[in-house]
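Q: The sequence and its predicted three-dimensional model are supplied below.
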Amino acid sequence: MIGRTRRRLGNRIATRVALIALATLSFAARANDVASQSLADTARERAARAAARVWLDARDLGQFALGLIGVRYRYGGDTPVGGLDCSGLIRYVFQQVTGVNLPRTSKELSQVGANVSLDDLQVGDLVFFNTRNYAFSHVGLYLGDNRFIHAPRRGREVEISTLSREYWQRHFNGARRLVGVLPSLTSAVIPEALATTLTAPGVEPAEEPAVETPELPGAP
């Protein structure tokens with residue numbers, strides 16, 4: 001009798017231990033699921049923030065460059081006070097907005113970043129032109145709405161031009177994307193966020209000269 005009682009008591013204890021273990025495992029599994037879900041949500045949030053930062057960096061480049069309209073052209077110039085040439089303008093804008101020091105000449109700039117087609121241009125991309133009988137001799141910063149800002153040549157000032165003009169169409173030499181592509185311009189949060197397509201906000205048109213002057217845009 002006593003033996004049966006002990007066996008029953010032992011069975012009950014074993015059953016309770018098993019139930020407690022099962023409950024513990026179930027709780028641990030749910031906790032792991034919650035933790036995994038939390039990590040996934042955090043990753044998605046960080047990716048979204050990284051993508052937004054890339055877009056803002058590109059937009060900031062355009063907005064900052066617009067503040068340089070009217071700065072006089074100077075060959076070899078790399079500051080607004082002393083004057084800017086085409087690559088000096090690009091280098092100054094990127095340095096001030098992102099803290100990144102880019103190569104000095106338009107030819108060197110054409111070798112950094114990723115190649116972009118004309119149909120895929122986004123705000124902050126660099127657009128290149130063959131204006132001095134050699135490739136990538138002139139560079140501008142794309143603003144969206146088919147327009148770019150650049151320092152054209154001696155006697156002129158930093159201005160906005162449009163890619164739809166016949167002159168620029170004839171001399172278009174390609175485009176490069178730096179924002180979200182160069183490691184130093186990439187958010188360190190989630191690399192996958194760089195796959196997000198940037199939306200190119202429109203830019204108010206600037207008045208264009210009626211006739212293209214024969215003198216070619218300067219270099220570097």
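A: That came through, no problem.

Q: so which helix or strand takes in Arg176?
A: According to DSSP states H and E, Arg176 maps onto strand 172-177.

Q: Also Leu56?
A: Per DSSP H and E: helix 2-66 holds Leu56.

Q: Poorly predicted segments of the chain, please.
A: Residue ranges of the chain with pLDDT under 70: 1-55, 186-220.

Q: Identify each buried residue in the strand holding Arg176, please.
A: Using 16 or more other C-beta atoms under 10 Å as the test for burial, strand 172-177 gives Asn173, Gly174, Ala175, Arg176, Arg177. (Each C-beta comes from the backbone N, C-alpha and C, glycine too.)

Q: Give the full set of residues in contact with the first one.
A: Residues counted as contacts of Asn173 (C-beta atoms under 8 Å, 6 or more residues apart in numbering) are Ser110, Phe128, Phe129, Asn130, Ala135, Phe136, Ser137.

Q: For PyMOL, what selects the buried ones among those residues?
A: Paste this into PyMOL to select the buried members of those, with burial taken from 16+ other C-beta under 10 Å:
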select buried, resi 110+128+129+130+136+137
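
Q: How many residues are close by the closest residue to Ser106 other than its chain neighbours?
A: Nearest residue to Ser106, sequence neighbours excluded (C-beta to C-beta, 6 or more residues apart in numbering): Val139, at 4.1 Å. Neighbour count of Val139, defined by other C-beta atoms under 10 Å: 30.

Q: And the one 4 residues further on, by the same measure?
A: With neighbours defined by other C-beta under 10 Å, the count for Leu143 comes to 29.

Q: same check, this time on Arg165
A: Other residues within reach of Arg165, judged by other C-beta under 10 Å, total 13.

Q: Likewise for the one 5 residues further on?
A: Taking other C-beta under 10 Å as the neighbour definition, Arg170 ends up with a count of 10.

Q: what does Ser87 give?
A: Residues lying near Ser87 (other C-beta under 10 Å) number 30.

Q: Kindly indicate whether it is helix, strand or coil.
A: When classified by DSSP: H, G, I helix; E, B strand; the rest coil, Ser87 comes out as helix.

Q: Please verify my assumption that it contacts Val112.
A: No - here Ser87 does not reach Val112: they are 11.8 Å apart, not a contact under C-beta atoms under 8 Å.

Q: and for those two, which residues touch both?
A: Common contacts of Ser87 and Val112, defined by C-beta under 8 Å, 6+ apart, comprise Pro103.

Q: what lines up beside the helix or strand hosting Ser161 in the sheet?
A: Using DSSP H and E, Ser161 sits within strand 159-162. Using DSSP bridges, strand 159-162 pairs in its sheet with strand 147-150 (antiparallel).

Q: What are the contacting residues of the partner strand?
A: In contact with strand 147-150 (C-beta under 8 Å, 6+ apart) are residues 62, 65-66, 68-69, 86, 89, 127, 138-143, 158-163, 203, 205-206, 217.

Q: Stretch 75-91 now?
A: By C-beta under 8 Å, 6+ apart, the residues outside stretch 75-91 that reach it are 65, 68, 71-74, 92, 101-106, 108-109, 126, 138-141, 149-152, 154, 158, 217-220.
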